[in-house]
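**Q** Quick one, fold the following:
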Amino acid sequence: MHQQEHLDTLCNTADGVFIVDGNQRIIRWNKGAERILKYAEAEVLNHDCYRLIAGRVHSDKLWCHSNCRVQSSIAKGTPLENFDLLTRTNEGEPLWLNVSIMSPADGNEQFAVHILRDVTREKKAGQAIEQFLAALGMHALAREKHQDDKGVPKPIAARTSPAEAPPALSSREVEVLRLLAEGLSTKALAQRLSISHFTARNHIQNILVKLDLHSKAQAVSFAFKKGII
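**A** Next up is the predicted model:
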């Protein structure tokens, strides 16, 4: 099989695929890559892959660059395990890709096949679970902090020093904070308290103004730290 036919066969998959030559120039870009990254083949051919993808393993660690790990692994003849990469589509949307690399075993032909799968949804779900577990951990830590050795809740006065006294919140606002800490939405909170969505939203806004904060998450975190809840 000629090289061109071989490369065409590698691109014949529903997954995204792009292929680069030994100089990291894109020489193939299949329909799957067009669908995932929103670039047409004509826009990317002969471009440096690392400039186009500009991928990161997380927000502050660049992965894609000249003589990247993929290139060095190919040069050494060492297979590279699949990895996740944070990039952006042609429309500027953040995109997580799982990338697998294939290259000739004999090293006579210099090219690298990048097989792409969009794992953005899975990544976001994992991050949401991590945040949820972190919130649970914070809630457990706060509960332990606010109980004595026998598990009896400490009075509010015993939780904070006078210098750290929390801003004056009403009993209803403290109750709203507790429900926010349970993860309730504004709508669910309103239903729990048998108040209107508008009233619930006003309570939350008043809390944010009093605490000089900008989000419900900040308010809950502040309330835990200061022993308000």
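**Q** Outline the domain layout of this structure.
**A** Domain assignment of the chain by automatic domain parsing yields the ranges 3-118, 123-226.
**Q** The shortest one: end-to-end distance?
**A** Think domain 123-226. End-to-end distance of domain 123-226 (CA to CA, to the nearest Å): 32 Å.
**Q** show me where pLDDT drops low in the protein?
**A** Residues of the chain meeting the criterion pLDDT under 70: 1-3, 58-60, 106-109, 127-167.
**Q** Please enumerate the strands of it.
**A** In chain order, the chain shows strands spanning 16-21, 26-29, 56-58, 61-62, 83-88, 94-102, 111-118, with DSSP state E as the criterion.
**Q** so who does R25 touch?
**A** Residues in contact with R25, defined by CB atoms under 8 Å, 6 or more residues apart in numbering, are N46, H47, D48, C49. Where you see a C-beta, it was placed from the backbone N, CA and C, and this is true even at glycine.
**Q** Swap in 6 Å and give it another go.
**A** In this structure, R25 makes contact with N46, judged by CB atoms under 6 Å, 6 or more residues apart in numbering.
**Q** V57 and R172, how far apart?
**A** Spatial separation of V57 from R172 under the definition CB to CB, to the nearest Å is 46 Å.
**Q** for A14, same thing?
**A** A14 sits at a distance of 55 Å from R172 (criterion: CB to CB).
**Q** Of these two, give the one with the bigger neighbour count.
**A** Taking A14 and R172 together and counting by other CB atoms under 10 Å, R172 has the greater number of neighbours (13 against 10).
**Q** Just give me the neighbour total for the closest residue to the more buried one other than its chain neighbours.
**A** The spatially closest residue to R172, leaving aside those adjacent along the chain, is H203, at 6.5 Å (CB to CB, 6 or more residues apart in numbering). H203 is surrounded by 23 other residues when neighbours are defined as other CB under 10 Å.
**Q** With P94 instead?
**A** 12.
**Q** Quick check: bridge partners of it?
**A** Each beta-bridge partner of P94 is listed here, defined by DSSP bridges: R88.
**Q** Against T87, how distant is it?
**A** Distance of P94 to T87, given as CB to CB: 8 Å.
**Q** which neighbours do those two share?
**A** Going by CB under 6 Å, 6+ apart, no residue sits against P94 while also sitting against T87.
**Q** Pairing partners for N98 in the sheet, please.
**A** Each beta-bridge partner of N98 is listed here, defined by DSSP bridges: D84, R117.
**Q** dump the residue contacts of it.
**A** Contact criterion CB under 6 Å, 6+ apart gives N82, D84, R117, V119 as the residues in contact with N98.
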